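# Let's see this in three dimensions:
(chains A and B)
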Amino acid sequence: MIRFTAVNKFYGGFKALNAVDLIVKEGERVVVCGPSGSGKSTLIRCMNQLEQHDTGSIEVLGRTLGDDLRATDQIRKDVGMVFQSFNLFPHMTVLENCMIAPQLVRKQAAENAKDVAMDFLNRVHIQDQASKYPSQLSGGQQQRVAIARALCMSPKIMLFDEPTSALDPEMIGEVLEVMTDLAEEGMTMVCVTHEMGFAKRAADRIIFMSKGEIVEDGAPDDFFASPKTERARSFLRRLDLTPSTH
Amino acid sequence: MALVQFRDGNSGIVVGEQPAAGTSISSKARLNGINLLVSAIAVALIVWALYWIVDWAVIRAVWTSEDGSACRVADAGACWAVIHVRWRIILFGLYPYDEQWRSAAACLVIVVTAILSCTRPFHTLARLTLLWLVGFGSFIALMRGGVLGLSSVSVNDWGGLSLTLFIFAAVSITGMPLAIMLALLRRSRLTLIGKTTAIIIDVVRAIPLLAILFTVGVIIPFGLPDALVGEKLYRVIAAFSLYFACYQAEIIRSGFQAIPTGQEEAAQALGMSYRQRVAYVLLPQAFKAVLPPTVNQFVITFLETSLVVVIGFFDVLASGNAAFGTAKWGIAKIEVYLFVAAIFFTFTFSLSRYGAYLERRGAPNAAK
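Numbers count the residues shown, from 1 in each chain, chains lettered A, B, ... in the order given. Presented below is the predicted three-dimensional model:
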């Protein structure tokens, strides 16, 4: 579903992605982790072209992304994204936030879009807040709305860019729970997160990045039990998740 | 000084922190005295001023006098007779006397159109466009005539309130889309377009409005072939609209800058096109952020319409000048200006109240 081949990305002189090769298959739940500045966010933002890569090729859902802006538009319809800072539209109610894109982009009728939106708001347990404005909700509630909003477009892939990093600790759980449900339903997910508990529970693959490169790529159990590189070991030590074999 | 008084009043006994408390009590008392005095003087002044105003504007006022002779009596107050006799020239300027009902109807058309466009059912682009096309269409048909059995009236004879309202409405309605366009172009990722727009905006803002109006009103006809010149009124509106747009564009741009980048990213990630992002995500938030300066800009523009007098248009202020510009009514300058000021106030005050209403409605917590 997603194929990166020798992708490079520069910010001025800084190399954010260094010859990244990556294949994500349908139904895979991939967690991307690594120290800050390692290129995790850049990697995931290239997948829907919020960042443009400089060299190499990125193929998503069978379309090659890059200069072809129509391909980008097409891909964005089918790839949902959840941001660290929620980015709900503050001038719309929760329900309107969920209805706007299906109506404009998928040309759904209003009643239809409303039914779908209420259904997803139900699934993230926030249906009773539908007529409120985002500023009236807690961070955790806002992030659940953001997930529902992305799901309303019936995406084939969901991208999560540190979805819990801006949340108060007591609200992280409710968001992770929704994400775990989604993972169990078989959604293809790529998730940048520091929540290693979630990674163990819901992911079937972990990618560890450092300095713009994919350093480790494997099953969660292997990664946590016996990281192959020193960089991953020191990263896990700092998260206080010392490999259990030591 | 205060301390001494305190000691005298308390037989010289000074214990602990009392001196400080005592000082503050006595200085407070003196402050209160001064306050009382100042307040009394202020109240007296206000009462006197109110009495003087009421005496002048109501009690001694001359309400009717066909030739203004009653106003020239020694103890006459406000000469409202001038409004009574000359109101038609103030409101309608040089418009043919027998046809002035058309000018009044045209005013009404513009006001009703403006009020309707402030109501929710008209808040879609198609309906708003249609509404204003109909509004301007019937305004021009009424004023210009030549259709439906109405006699023709030259644009040069238009004047007074209907001219002021027409110029203001036309400038706002054409200037606002232009402003949005300039603001968007200035944000363009293509440096050339962004820079060019910035230069246009800066150049127009560097020229005084008077010079712009004078140029399009008086100079352009000499420089351009007749076919391109068009009617003076529309040239003036076009130039005025560009001037308005350049200021308003910068206001809107500041609104765009107030929006976090995440908003546009979220809209992009949902697959919304550039036009959809601008129309549904960026503009509503930008306008909400810049509502106060926008209302300000509208009010300024309304008042600036009076400047068209320099190129020979009789807006409501200029036709007010004409109303007392005869030997009979020369004494009634102040009364006419007060009347014209009241007209301007009615419109600008309504504008700012509508702005305040929009701000209240825009606050998310007010909407249940």
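# near chain B at all, stretch A:75-83?
Yes - Stretch A:75-83 lies within reach of chain B by Cβ under 8 Å from any Cβ of the partner chain, at A:76, A:77, A:79, A:80, A:81, A:83. Any C-beta I mention is one placed from the backbone N, CA and C, and that applies to glycine too.
# Would you mind measuring the gap between the ends of that stretch?
Taking Cα to Cα, to the nearest Å, stretch A:75-83 runs 17 Å from one end to the other.
# Pull the residues that contact that stretch.
With Cβ atoms under 8 Å, 6 or more residues apart in numbering or on different chains as the test, stretch A:75-83 has contacts from A:47-50, A:60-61, A:63, A:65, A:105-106, A:143, A:146-147, A:150-151, A:153, A:155-161, A:163, B:262, B:265-266, B:268-271.
# do the same with stretch B:222-234
B:155, B:158, B:167, B:217, B:220, B:221, B:235, B:311, B:312, B:313.
# mind listing which of the residues of stretch A:75-83 next to chain B are in helices?
A:76, A:77 (DSSP state H).
# ok, which pair from the residues of stretch A:75-83 next to chain B is furthest apart?
Spatial extent of the residues of stretch A:75-83 next to chain B (Cβ to Cβ) is set by the pair A:77 and A:83 at 17.5 Å.
# Of the two, which one has the most company?
Taking other Cβ atoms under 10 Å in any protein chain shown, residue A:77 and residue A:83 do not tie; residue A:83 has more neighbours (23 against 20).
# Now, of the contacts of stretch A:75-83, which are buried?
Buried subset of the contacts of stretch A:75-83 (neighbour count, 16 or more other Cβ atoms under 10 Å in any protein chain shown): A:47-50, A:60-61, A:65, A:105-106, A:143, A:146-147, A:150-151, A:153, A:155-161, A:163, B:265-266, B:268-271.
# which stretches of chain A form helices?
A:40-47, A:69-78, A:94-104, A:110-123, A:139-151, A:169-184, A:196-202, A:220-225, A:230-238.
# Could you identify which of the ones you listed is most buried?
Greatest average neighbour count among the helices of chain A goes to helix A:139-151 (a mean of 25), per mean count of other Cβ atoms under 10 Å in any protein chain shown.
# Can you tell me the SS state at the one residue in the stretch 51-200 of chain B that gets nearest to chain A?
Residue of the stretch 51-200 of chain B nearest chain A, by Cβ to the nearest Cβ: residue B:189 (11.6 Å). Following DSSP: H, G, I helix; E, B strand; the rest coil, we place residue B:189 in the coil state.
# any idea how far it is from residue B:176?
Separation of residue B:189 from residue B:176 (Cβ to Cβ, to the nearest Å) stands at 24 Å.
# So for those two, which sits in the more crowded spot?
residue B:176 (19 against 6).
# Quick check: buried residues in the one helix or strand that one maps to?
If you go by DSSP states H and E, residue B:176 is part of helix B:160-186. Buried residues in helix B:160-186, defined by neighbour count with 16+ other Cβ under 10 Å: B:160-176, B:178-180, B:182-186.
# The closest residue to residue A:165 other than its chain neighbours - how many residues pack around it?
Setting aside the residues directly before and after it, residue A:165 is nearest to residue A:84 in space (Cβ to Cβ, 6 or more residues apart in numbering or on different chains), at 5.1 Å. Residues within reach of residue A:84, counting by other Cβ under 10 Å, total 17.
# Next up, the contacts around residue 187.
Defaulting to chain A. Residues in contact with residue A:187, defined by Cβ under 8 Å, 6+ apart, are A:27, A:29, A:157, A:158.
# nope, chain B please
Contacts for residue B:187 (Cβ under 8 Å, 6+ apart) come out as B:194, B:253, B:256.
# Quick one, which of those residues are buried?
The neighbour-count test (16+ other Cβ under 10 Å) applied to those identifies B:253, B:256 as buried.
# Around chain B, pick out the residues from chain A.
Proximity of chain A to chain B is confined to A:48, A:50, A:73, A:76-77, A:79-81, A:83, A:85-91, A:100-101, A:104-105, A:131, A:133-136, A:146, A:149-150, A:153, A:159 under the rule Cβ under 8 Å from any Cβ.
# what does chain B put close to chain A?
Within reach of chain A by Cβ under 8 Å from any Cβ, chain B has these residues: B:260, B:262-263, B:265-273, B:276, B:280-281, B:284-285, B:288, B:362, B:364-365, B:367-368.
# Among these, name the ones in helices.
Going by DSSP H, the helices hold B:262, B:263, B:265, B:266, B:267, B:268, B:269, B:276, B:284, B:285, B:288, B:362 from the residues of chain B next to chain A.
# pretty sure the first one is touching residue A:85, no?
To tie it back to what came earlier, the one meant is residue B:262. Yes - the criterion here is Cβ atoms under 8 Å, and residue B:262 meets it with residue A:85 at 5.3 Å.
# what's the closest non-adjacent residue to residue A:183?
residue A:202 is the one closest to residue A:183 (Cβ to Cβ, 6+ apart), at 4.1 Å.
# How much space separates the one you found from residue A:134?
Taking Cβ to Cβ as the measure, residue A:202 falls 26 Å from residue A:134.
# swap in residue A:187?
Residue A:187 is 24 Å from residue A:134, by Cβ to Cβ.
# cool, and residue A:152?
Residue A:152 is 15 Å from residue A:134, by Cβ to Cβ.
# what's the answer for residue A:80, then?
According to Cβ to Cβ, residue A:80 and residue A:134 sit 18 Å apart.
# Report the buried residues of stretch B:64-80.
B:65, B:68, B:71, B:76, B:77, B:78, B:79, B:80.
# How about stretch B:213-228?
Going by neighbour count (16+ other Cβ under 10 Å), the buried part of stretch B:213-228 is B:213, B:214, B:216, B:217, B:220.
# give the contact list for residue A:13.
So residue A:13 contacts nothing (Cβ under 8 Å, 6+ apart).
# scratch that, residue B:267 is what I was asking about
Neighbouring residues of residue B:267 by Cβ under 8 Å, 6+ apart: A:89, A:101, B:276, B:277, B:280, B:281.
# can you rerun that using 7 Å?
If you count contacts by Cβ atoms under 7 Å, 6 or more residues apart in numbering or on different chains, residue B:267 has them with B:277, B:281.
# The residue positioned nearest the centre of chain A pairs with what?
The centroid of chain A falls nearest to residue A:160 when counting by Cα atoms, centre = their mean (1.6 Å). Counting by DSSP bridges, residue A:160 forms beta bridges with residue A:82, residue A:191.
# Surely it is in contact with residue A:191?
Yes - using Cβ atoms under 7 Å, residue A:160 is in contact with residue A:191, at 4.1 Å.
# Tell me where the model's unsure across the stretch 51-200 of chain B.
By pLDDT under 70, the stretch 51-200 of chain B contains no weakly predicted segment.
# What residues of the helix or strand just after the helix holding residue B:176 count as buried?
Counting by DSSP H and E, the element after helix B:160-186 in chain order, helix or strand, is helix B:191-206. By neighbour count on 16+ other Cβ under 10 Å, the buried set for helix B:191-206 is B:197, B:198, B:200, B:201, B:204.
# number of nearby residues for residue B:127?
For residue B:127, using other Cβ under 10 Å, the count is 13.
# Looks to me like it is in a helix.
Yes - counting by three-state DSSP, residue B:127 falls inside a helix.
# That one and residue A:96: what is the separation?
Distance, residue B:127 to residue A:96, using Cβ to Cβ: 20 Å.
# do residue A:189 as well
Distance check for residue A:189 against residue A:96: by Cβ to Cβ, it reads 26 Å.
# contacting residues for residue 158?
Unless you meant another one, I'm taking chain A. For residue A:158, the contact set (Cβ under 7 Å, 6+ apart) comprises A:80, A:150, A:182, A:187, A:189.
# The chain in question should be chain B.
Counting by Cβ under 7 Å, 6+ apart, residue B:158 has contacts B:93, B:95, B:143.
# by contact count, what packs against the longest helix along chain B?
In chain B, assigned by DSSP H, the helix with the most residues is helix B:18-54. With contacts defined as 3 or more Cβ pairs under 7 Å, 6 or more residues apart in numbering or on different chains; DSSP states H and E, helix B:18-54 has these neighbours: helix B:2-9.
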